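1. sequence first, then the predicted structure, then my questions.
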Amino acid sequence: MLDDDHRGRAPFLIREAEVGDAPAMLRLAHAIFAEPGLYLPLAADEFTVTLAEEEAIIARHHEQPNAVFLLAFDAEGILCGMLNAHGSERRALRHAVEFGMSVGHGYRRQGVGRALLGALVDWAHRTPLVTRIELRVYVENEPARRLYESFGFEVEGRRRQSVFQDGRFHDDLLMSLLVL
């Protein structure tokens, strides 16, 4: 699927991850986790996913009816963003998916996150099992919060001192969107 809501920039191709994408996905993840000061509750040395593990993660997403791994590519075919959404296997919880999203350094504030999130919401509307999308976002991450709110996500709660990073505690918010 091609996103045309890019505000004058080149469109981004959004598609589901394939096993062959694993090397590029790992390169992007390592680059993102190595950046200081990002709102990610994982340090670069804690990200230890191997190529085989990444390939298995992608394969599992294809097998689960409540999971999707979306990738964003720029006009030159360079991977510039990723969104991973998955739900529980428990019958009582499998209608809800939680997601995380990352965008490469040179692509932030260009519509990649909006394109990925739009594709996730579209996927959820086409997936009868999924009726709820949820996420956690640092309170300080105002650009991300505004993006989520623009899609209709609402704050359900605040987790005080939920993350210890860069020598201090951070609160995060639980946000959700009901897909009905």
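-> All right, it came through fine.
2. neighbours of Val130, just the number please.
-> 22 (other CB atoms under 10 Å). The way it works is simple: take the backbone N, C-alpha and C, and place the C-beta from them, glycine included.
3. next SSE downstream of the least confident helix or strand in the chain by mean pLDDT?
-> Least confident helix or strand of the chain, by mean pLDDT, DSSP states H and E, is strand 2-3 with a mean of 40. Note on strand 2-3: by DSSP states H and E, the next helix or strand toward the C-terminus is strand 12-16.
4. give the partner strands of that following strand in its sheet and their orientations.
-> strand 2-3 (antiparallel), strand 67-73 (antiparallel) (DSSP bridges).
5. buried residues in that strand, which are they?
-> Buried residues in strand 12-16, counted by 16 or more other CB atoms under 10 Å: Phe12, Leu13, Ile14.
6. equivalent analysis for stretch 34-44, please.
-> For stretch 34-44, by 16+ other CB under 10 Å, it's Leu38, Leu40.
7. now do the strands in this structure.
-> Ranges of strands in the chain, per DSSP state E, are 2-3, 12-16, 67-73, 79-87, 96-103, 132-138, 154-165, 168-178.
8. could these be laid out in a markdown table, adding distance to Glu35?
-> Shown next, in a markdown table, are the strands of the chain (distance: least, CB to CB, whole Å):
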| stretch | distance to Glu35 |
| --- | --- |
| strand 2-3 | 24 |
| strand 12-16 | 20 |
| strand 67-73 | 18 |
| strand 79-87 | 14 |
| strand 96-103 | 10 |
| strand 132-138 | 15 |
| strand 154-165 | 13 |
| strand 168-178 | 16 |
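9. and those, which one is worst for confidence?
-> In terms of average pLDDT, strand 2-3 trails the rest of the strands of the chain, at a mean of 40.
10. hey, which helix is longest across the protein?
-> helix 112-126 (DSSP state H).
11. could you give the angle of it to strand 79-87?
-> Going by axes from the mean of the first three to the mean of the last three CA atoms, to 10 degrees, helix 112-126 is angled at 30 degrees with respect to strand 79-87.
12. which elements pack onto helix 112-126?
-> Contact here means 3 or more CB pairs under 8 Å, 6 or more residues apart in numbering; DSSP states H and E; on that basis helix 112-126 packs against strand 2-3, strand 12-16, strand 67-73, strand 79-87, strand 96-103, strand 132-138, helix 142-150.
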